[in-house]
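Participant: only geometry, no sequence info:
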């Protein structure tokens, strides 16, 4: 009745999936590894067990350690098994094990149904056709050494059973706007000639500058790029210009429309395996829009990163041409991670484009020596791109167009709002209206609860998207922007033009008022309080008001707001605890748990009736980077006007200087509210009570009732 050695090894360790109280007492976790090892020692010395050697005991300890690492870092709980599913510690892409190499080992034990290998992870998940096949792999691979291409030292595999292997479908990524990768742009023969030229002995003193940097070897033609200041000396061109061998490449690039100007600067980089280039944006001021890069010799993966944090890995095969224009050229950083292997799709196609996140189709690809020819056009005038927050030309021009300061008086505040709120909305009214077509579900819900025939004022109605939500109400709208009011009139809404601090309606005539995304445009705490008081003045006793303001906290209860989550070309996935609400032909997602607050706790909130930033007299307003978390409460938020002609004032004169053209960037003033600030603001008004307060997709919201 004694077990075999293999059975003893398999059953000596208790299941990691059995949950027990941890030593800290703070979480439900498996016990420390030392406890498991003692059990293994007991199993080895028990009369019913085979005595284990020191090597076998060491292997068991390593296996248990692997169990705890998997649970702690990746949430993978192992079980005593057996099942068809295994987790293989040390057998992942992060340890230099390729899919082909691991499959070759696994297929010796049976048919592999699924093999999941995540980027940079040291483990793999595998599913066999039968439990018996998985059992054989468990017995045969535990403690076995495996040689990898990336290291002279073998790695040791540790295998455990898991309950199941889940393969989640991940939405595909999109290329950054303005990025193109053209495969087989040149012939193999042309590639050989260019590589021979790049590797040849060129006259350094007359035709180019050649340097050996830490990350790669570099040559410059036309103009030398100076790495000390990331710029070029436009007054000191290099003798000889660009090499004649590049003539056909440049002509073809212009003929195909990849660049608008004929490049006059060339940088040749040579990367050995393990070398790369740090993430960077090519400096705006020295080069025109349109940068092209020809890859030669070997393929590589280049990572593109948006300021908001999301990355897109892109495969660049040999003889391909990379084209960067517009947003990709000016806003996204690009770089090559220094490593000897890239994570690439295991299938043959596609050879170029985005490296997807399908963990069932990823493997490692060994890098070779890659040479790149990067062509640029020297810029003669300062850059006036649509991305001033990262543009050195526009940052350097602050002296002629200074960033406004936080207002120190009511007069300063009025001037600031006139320039950075009123004038801007008149300029962007048409484009703004085109992007504001879907009513927010919770606002719709508020309007739907009002009795038929109620008189409702929408203070700051914008393009009027809420004025027609409930046909049983009598709604009137007002806005400071004449051009937005004109858009509302075209829709046959009852609207007029006025300032939100002085609404020309009698006191106490409204059954309800709404103010959606308006109060945060007032630049001092006193003016924001006056704006709320004006809403209260319009309400009759018992009338209710709904106010929305932009929140400082764009991540609430570990759920990112739509503002942070939304990306070009990507679907927004519903977050946990969210409900899907249809409004017209569109859908929105609302966090159910975040919609209500315990109003009895409001008195415990900190006193934020005074802005901490106001204490800093003459402090400059920072310019916010779109789709990122807020670093300051008082700031300027860019609006990128694209493809829409701006409106003009009634007298035919543009509200902003004539040099501001289509595709320009306008800055709007915002004061983003911190948690509890809106409630504290309303507590400064004696004749109202707070009915409800909640967080809705990046906004703090409050419903008040006039007493």
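Facilitator: Sure thing, it's come through. Worth saying up front: this structure is predicted, and the values here are computed from it rather than measured.

Participant: C-alpha only now, for contacts and for neighbours.
Facilitator: Fine.

Participant: and residue 372, what element?
Facilitator: If you go by DSSP states H and E, residue 372 is part of strand 370-376.

Participant: From the chain's centroid, how far away is that strand?
Facilitator: Computed by CA atoms, centre = their mean, to the nearest Å, the chain-centroid distance of strand 370-376 equals 28 Å.

Participant: does residue 345 have beta-bridge partners, and which?
Facilitator: Residue 345 has these beta-bridge partners by DSSP bridges: residue 362.

Participant: Identify the residues contacting stretch 537-544?
Facilitator: Stretch 537-544 has contacts (CA atoms under 8 Å, 6 or more residues apart in numbering) with 505-513, 545, 703-707.

Participant: let's see it at 7 Å
Facilitator: Outside stretch 537-544, the residues that touch it by CA atoms under 7 Å, 6 or more residues apart in numbering are 506-513, 703-707.

Participant: Pick out the most distant pair among the residues you listed.
Facilitator: Pairwise distances among those were taken by CA to CA; the largest, 21.6 Å, belongs to 506 and 703.

Participant: So the two - more neighbours on which side?
Facilitator: Ranked by neighbour count (other CA atoms under 10 Å), residue 506 and residue 703 place residue 703 first, with 19 against 10.

Participant: pull the longest helix from this protein.
Facilitator: helix 54-74 (DSSP state H).

Participant: Distance check, the residue positioned nearest the centre of the chain against residue 304.
Facilitator: The geometric centre of the chain, computed from its C-alpha atoms, lies nearest to residue 310 (CA atoms, centre = their mean), at 3.5 Å. The gap separating residue 310 from residue 304 is 9 Å, by CA to CA, to the nearest Å.

Participant: Then residue 230?
Facilitator: Distance from residue 230 to residue 304, by CA to CA: 19 Å.

Participant: So these two - more neighbours on which side?
Facilitator: Neighbour count, other CA under 10 Å: between residue 230 and residue 304, residue 304 has more, with 22 against 13.

Participant: For that one, give me its contacts.
Facilitator: 311, 312, 313, 332, 333, 334, 335 are the contacts of residue 304 under CA under 7 Å, 6+ apart.

Participant: ok, of these, which one's closest to residue 432?
Facilitator: Taking CA to CA as the measure, residue 432 sits nearest to residue 332 out of these, at 24.4 Å.

Participant: per-residue pLDDT, that closest one?
Facilitator: For residue 332, the model assigns a pLDDT of 94.

Participant: Might one say that it is in contact with residue 303?
Facilitator: No: using CA atoms under 7 Å, residue 332 is not in contact with residue 303, being 9.8 Å away.

Participant: which of the two has more neighbours?
Facilitator: residue 332 (23 against 19).

Participant: Just give the nearest non-adjacent residue to the more buried one, would you?
Facilitator: Take residue 332 and drop its neighbours on the chain: the residue closest to it by CA to CA, 6 or more residues apart in numbering is residue 306, 4.9 Å away.

Participant: Roughly how far does that neighbour sit from residue 627?
Facilitator: Distance from residue 306 to residue 627, counting by CA to CA: 10 Å.

Participant: One more: residue 430?
Facilitator: For residue 430, the distance to residue 627 - CA to CA - is 22 Å.

Participant: repeat for residue 366
Facilitator: Where residue 627 is concerned, residue 366 sits at a distance of 36 Å (CA to CA).

Participant: And for residue 78?
Facilitator: Computed with CA to CA, the distance linking residue 78 and residue 627 is 39 Å.

Participant: Between the two, which has more neighbouring residues?
Facilitator: Legend: neighbour count by other CA under 10 Å for residue 78 and residue 627, higher for residue 78 (26 against 18).

Participant: Return the set of residues that bridge with that one.
Facilitator: With DSSP bridges as the criterion, residue 78 is bridged to residue 162.

Participant: related to what we said a few turns ago, hmm, who's touching the helix or strand just after the strand holding residue 372?
Facilitator: Later in the chain than strand 370-376, the nearest helix or strand by DSSP H and E is helix 392-396. By CA under 7 Å, 6+ apart, the surrounding residues in contact with helix 392-396 are 284, 285, 382, 383, 384, 388.

Participant: The last one: what's it in contact with?
Facilitator: Shown in contact with residue 388 (CA under 7 Å, 6+ apart): 394, 395.

Participant: Equivalent analysis for the fourth one, please.
Facilitator: When contacts are counted by CA under 7 Å, 6+ apart, residue 383 is found next to 284, 285, 393.

Participant: Against residue 278, how distant is the first one?
Facilitator: For residue 284, the distance to residue 278 under the criterion CA to CA works out to 17 Å.

Participant: neighbour-wise, which of those two wins?
Facilitator: Higher neighbour count among residue 284 and residue 278: residue 284, with 24 against 13, using other CA under 10 Å.

Participant: How far does the longest strand seen in the chain sit from its chain's centre?
Facilitator: Among all segments of the chain classified by DSSP state E, the strand with the greatest residue count is strand 539-550. Taking CA atoms, centre = their mean, one finds strand 539-550 lying 35 Å from the centre of the chain it belongs to.

Participant: helix or strand right after it?
Facilitator: strand 555-556.

Participant: Other residues contacting that next one?
Facilitator: Contacting residues not belonging to strand 555-556 are listed as residue 561 [CA under 7 Å, 6+ apart].

Participant: what mean pLDDT would you report for that strand?
Facilitator: Per-region confidence: strand 555-556 scores 85 on mean pLDDT.

Participant: So what are the sheet partners of it and their directions?
Facilitator: For strand 555-556, the paired strands and their directions (DSSP bridges) read strand 559-560 (antiparallel).

Participant: after the partner strand, next one along is what?
Facilitator: Past strand 559-560, the next helix or strand by DSSP H and E is helix 562-565.

Participant: Report the distance from that next one to the chain centre.
Facilitator: Relative to the chain's own centre, helix 562-565 is displaced by 9 Å; criterion: CA atoms, centre = their mean.

Participant: now swap in stretch 142-153 and tell me
Facilitator: Taking the mean of its C-alpha atoms, stretch 142-153 sits 36 Å from the chain's own mean (CA atoms, centre = their mean).

Participant: Could you pull out the buried residues of that stretch?
Facilitator: Across stretch 142-153, burial judged by 16 or more other CA atoms under 10 Å covers 142, 143, 146, 148.

Participant: Next: stretch 462-481.
Facilitator: Buried, per 16+ other CA under 10 Å, within stretch 462-481: 462-467, 469-470, 473-481.

Participant: so where does the residue nearest to residue 483 when sequence neighbours are not counted fall, helix or strand?
Facilitator: The shortest distance from residue 483 to any non-neighbouring residue, by CA to CA, 6+ apart, is to residue 426 (5.5 Å). Per DSSP H and E, residue 426 falls inside helix 423-434.

Participant: what's the answer for residue 268, then?
Facilitator: Element membership of residue 268, judged by DSSP H and E, is strand 265-271.

Participant: now swap in residue 242 and tell me
Facilitator: Applying DSSP H and E, one finds residue 242 in no helix or strand.

Participant: okay, now it: neighbour count?
Facilitator: The local packing of residue 242 (other CA under 10 Å) involves 21 other residues.

Participant: separation between it and residue 267?
Facilitator: Taken as CA to CA, the span from residue 242 to residue 267 is 10 Å.

Participant: Now for the two: what residues contact both?
Facilitator: By CA under 7 Å, 6+ apart, the residues touching both residue 242 and residue 267 are residue 221.

Participant: Can you name the residues that contact residue 184?
Facilitator: Taking CA under 7 Å, 6+ apart as the test, what residue 184 contacts is 319, 320.
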